[in-house]
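# sequence plus predicted model, see below.
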Protein chains: 2
Amino acid sequence: MKKTSLNDIAKSLGVSKTLVSMVLNGHGTKNGISKQTQERVHAKARELNYKPNQIARGLRTGKSNTIGLIVADISNPFYAKLARHIEHYSSEANYNVIFCSSEEEPHKEAELLDMLADRQIDGIILSATGQDSNQILKLKRDGIPFVLIDRYYPRLNNNFVGVDNFQSAYNLTDHLIRLGYSRIAHLTVSPSHASSLRDRYKGYRAALKDANIRYSSQYYQEVSFEEPEAGVTRAIRELLEPPHIVNAIFAANNRLAVTALEVFNKWNIKIPQDVALVSFDDMDLFKFCFPPITAVAQPIQEIGRHAVELLIRHIENKEKNPPTQQIILPTKLEIRRSCGNFLTPLETLPIKTK
Amino acid sequence: MKKTSLNDIAKSLGVSKTLVSMVLNGHGTKNGISKQTQERVHAKARELNYKPNQIARGLRTGKSNTIGLIVADISNPFYAKLARHIEHYSSEANYNVIFCSSEEEPHKEAELLDMLADRQIDGIILSATGQDSNQILKLKRDGIPFVLIDRYYPRLNNNFVGVDNFQSAYNLTDHLIRLGYSRIAHLTVSPSHASSLRDRYKGYRAALKDANIRYSSQYYQEVSFEEPEAGVTRAIRELLEPPHIVNAIFAANNRLAVTALEVFNKWNIKIPQDVALVSFDDMDLFKFCFPPITAVAQPIQEIGRHAVELLIRHIENKEKNPPTQQIILPTKLEIRRSCGNFLTPLETLPIKTK
DNA sequence: TTATAAAACTAAACGCGTTTAGTAAAAATG
DNA sequence: CATTTTTACTAAACGCGTTTAGTTTTATAA
């Protein structure tokens, strides 16, 4: 039960496969194929349930109507949601998506980029590990359209869709400062070559500086991507062993925030009494944690939409070489109780239905 | 700056591309190519950084070293984690993965299956919508190796990796019953053609029956996949409007549980005082909710590992046609406080460091 | 010395849809 | 009627790696 090929249709109608190809691609009239013949071809194609082999087509045209998406970690809900939106908008524009996950490893990222190039991908959406701009230069040299998301290379003028990590981190830190916290730790991933993480750190430092709060290098804690549990455990021990060095922790991503919660739970450290916690990147359940976690929320759907639009514009105008574009979208500071204004749920009102 | 092709190597060495192809595929010695020539070919391939075009190769061999993964919803953390594990194990076995998300729509599932077939995928891992077994029959007829995950078709004897949804749901319900709950609602997704959801419902019913608890059709609430908020809101209103019909809710997946939490929060309904809540599928943050949510946890990594192993076994023994296999893995009941044994966090012990 | 075999390599077909260059027949024009 | 144009269609090349069926050269056996 093999698939119907162009040739099958051509033979069964006694015409050439050229003709069939032209008709099915809508170039029939342009090439002067008669109406009846066109109709016969369409009818037969329907009858045999013909679907063109995209691979053979791509081999000839160099176009695959497929875009590659490389995220740093598909199991992180931020990227998972982003992947879903990207898939959605691509599919609307008649593109398929190949998802990949680099797991923050530059060599895996390089491998995946090669793999995608092998597969004649039309373009790439990439959240780069940031360690090595050679990959990006190679994409540029090879003329493969691409859009960076979430993280960019400051030196290179590429297509980019993301948020203002600096300002958002500044606001988040400023929020802590206004609530009276002055010894604020920054918990981040090492090695943090990703521009997003670096900008979050810079925003944090800038907010401290503008508030005339002395920064201590003890506040800065790096945790390896591979073993967050061990790293966060160590980091929190250093930050909170008496005398407590800090009274607030800024987790630079949601995974670190969740891991911090694990550690707090294990050691019975209470938020915000013992220490305040805020997270960059929101999660559905942060609202329902005890206490709810204050976080910066990114407009994930919008990031996905713009990334797809921008990429497709570049793919479909490859010759004209449209100018690169940087799209910076607004974030939202979700203020909850993990840094004060503490109310126990027991103080909430009685059940109100309807 | 185009990519190096086989021909480039052949020409620059003055040999045929046949020879180059054979050498680079390790068939050099078998075909009597001399040692020196083989070495020259390898050296030149390295020098030109040659990477074979997988598409052209696949066109000829019919093999792409790529597997397709279709999940019901990539933004659901259960599937996102599963995707990550599947990617990991596939990559270890030298296969790439094309991820897709059917968003529970049978027609999209059908489209994606066609798309994957077009791309000469070697095999498919699928969490089927369950509405239409024709898709599955077509895969079988076309001889495409596949493994179902999470959901299966009871009538068809296919490869399958998943958990015992019936027994796990039975245990979860039984846990509620032992804590004294007798009016237990079942909140599920409509239309629930997925075997996993149906089995969860059956397990719930069986537990009620074995405990001689009368079941009322009022306990059963279905919510559409597309609009969970509106549906869950309506469902919970019906279940909890005075006089409260139920005192416990069994959410058949994590998304429903999270949405239920949203509604409870909005209406100030307290868990477990006003109503108990349990979820099928665990989430990282369920531990830290207020109160922590009792849930059935699936062994996601193991599901991914077995699915990949089983699929690759079938792909690589396509001729021998190995027997189909059903792998049922154990779940874990994570007992937390959302159904009683209520302790406020305020009663916990003082900070204990180290 | 001649037939035979082994060693080392190549031409060409293949898979399948696209595209260029071209042909045959009918219609229009002079 | 002869020539040009138009209409309707086709052969063959192409992309690129794989594979089959050889070919040429050298070595071995009869």
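Sure thing, it's come through. The model shown is predicted, which means the values in this text are computed figures rather than measured ones.
# contacting residues around stretch A:220-228?
A:103-104, A:185-192, A:201, A:231-232, A:234-235, A:238-239, A:255-256, A:259 (C-beta atoms under 8 Å, 6 or more residues apart in numbering or on different chains). (C-beta placed from N, C-alpha, C; glycine too.)
# my bad, stretch A:187-200
With C-beta under 8 Å, 6+ apart as the test, stretch A:187-200 has contacts from A:72, A:104, A:128-131, A:150-154, A:162, A:164-166, A:168-169, A:186, A:201, A:220-225, A:232, A:235, A:249-253, A:256, A:260, A:280.
# go through that stretch and flag the buried ones.
Going by neighbour count (16 or more other C-beta atoms under 10 Å in any protein chain shown), the buried part of stretch A:187-200 is A:187-189, A:192-200.
# stretch A:231-245 now?
Using 16+ other C-beta under 10 Å as the test for burial, stretch A:231-245 gives A:231-233, A:235-236, A:239-240.
# just confirm yes or no for it near chain B.
Yes. Against chain B, stretch A:231-245 shows contacts by C-beta under 8 Å from any C-beta of the partner chain at A:237, A:240-242.
# out of those, which is nearest to B:Leu48?
A:Arg237 (52.4 Å; C-beta to C-beta).
# ok but the closest one is inside a helix, no?
Yes. Read with DSSP: H, G, I helix; E, B strand; the rest coil, A:Arg237 is one of the residues of a helix.
# filter the residues of stretch A:231-245 next to chain B down to the ones in helices?
A:237, A:240 (DSSP state H).
# just the residues of stretch A:231-245 next to chain B: which has the poorest pLDDT?
Here the lowest pLDDT out of these sits on A:Pro242, with 72.
# backbone phi and psi for the closest residue in space to A:Leu126 that isn't next to it in sequence, please?
Among residues not flanking A:Leu126 along the chain, A:Ile70 sits closest, at 4.9 Å (C-beta to C-beta, 6 or more residues apart in numbering or on different chains). Here is the backbone geometry of A:Ile70 (degrees, to the nearest 10): phi -110, psi 120.
# tell me how many other residues crowd A:Ile70.
Using other C-beta atoms under 10 Å in any protein chain shown, A:Ile70 is surrounded by 25 other residues.
# tell me which residues touch it, please.
Counting by C-beta under 8 Å, 6+ apart, A:Ile70 touches A:100-102, A:109, A:112-113, A:116, A:124-128.
# ok, 10 Å please
Counting by C-beta atoms under 10 Å, 6 or more residues apart in numbering or on different chains, A:Ile70 makes contact with A:98-102, A:108-109, A:112-113, A:115-116, A:124-129, A:135, A:146, A:149.
# what pLDDT is listed against it?
94.
# in the sheet, who's paired with it?
Under DSSP bridges, the beta-bridge partners of A:Ile70 are A:Cys100, A:Leu126.
# separation between it and A:Lys320?
Using C-beta to C-beta, to the nearest Å, A:Ile70 is found at 26 Å from A:Lys320.
# what of A:Gly14?
Noted for A:Gly14: a distance of 42 Å to A:Lys320, by C-beta to C-beta.
# repeat that for A:Tyr153.
Distance of A:Tyr153 to A:Lys320, given as C-beta to C-beta: 24 Å.
# so these two - more neighbours on which side?
Shown here are A:Tyr153 and A:Lys320; by other C-beta under 10 Å, A:Tyr153 has more neighbours (18 against 9).
# what's that one in contact with, if anything?
A:128, A:130, A:132-133, A:135-137, A:160, A:193, A:195.
# which one of these has the most neighbours?
For those, neighbours tallied by other C-beta under 10 Å; top is A:Ala128, 26 neighbours.
# pLDDT score for the residue lying closest to A:Ala80 once chain neighbours are set aside?
Once flanking residues are discounted, A:Ala80 sits nearest to B:Ala80: 3.7 Å by C-beta to C-beta, 6+ apart. With respect to pLDDT, B:Ala80 scores 95.
# pretty sure A:Phe166 is touching A:Pro154, no?
No. Judged on C-beta atoms under 10 Å, A:Phe166 makes no contact with A:Pro154 at a distance of 11.3 Å.
# in terms of neighbours, single out the busier of the two.
Neighbours per residue (other C-beta under 10 Å) separate A:Phe166 from A:Pro154, with A:Phe166 holding more: 20 against 10.
# near chain B, which residues of the stretch 101-250 of chain A are found?
For the stretch 101-250 of chain A, the contact set with chain B under C-beta under 10 Å from any C-beta of the partner chain comprises A:101, A:103, A:108, A:111-112, A:114-120, A:138, A:140-143, A:236-237, A:240-242, A:244.
# can you select the buried ones from the residues you listed in ChimeraX?
Entered in ChimeraX, the line below selects the buried ones among these, by 16+ other C-beta under 10 Å:
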select /A:101,103,108,112,115,116,117,118,119,120,236,240
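# host element of the residue nearest to A:Ala80?
Using DSSP states H and E, B:Ala80 sits in helix B:77-92.
# can you report how many residues neighbour the residue nearest to A:Ser102 when sequence neighbours are not counted?
Nearest non-adjacent residue to A:Ser102, counting by C-beta to C-beta, 6+ apart: A:Glu109, 4.1 Å away. For A:Glu109, the tally of surrounding residues (other C-beta under 10 Å) stands at 24.
# mind giving me the packing neighbours of the helix or strand harbouring A:Glu109?
Assigned by DSSP H and E, A:Glu109 belongs to helix A:106-118. Using 3 or more C-beta pairs under 10 Å, 6 or more residues apart in numbering or on different chains; DSSP states H and E as the contact criterion, the elements in contact with helix A:106-118 are strand A:66-71, strand A:96-101, strand A:123-126, helix A:134-142, helix B:54-61, helix B:77-92, strand B:96-101.
# on that earlier part again, counting only helices, which of the contacts of stretch A:220-228 make the cut?
When DSSP H defines the helices, the subset of the contacts of stretch A:220-228 inside them is A:201, A:231-232, A:234-235, A:238-239, A:255-256, A:259.
# report the mean confidence score over the helix or strand harbouring A:Ala207.
Counting by DSSP H and E, the element that carries A:Ala207 is helix A:195-210. Mean pLDDT, computed over helix A:195-210, is 96.
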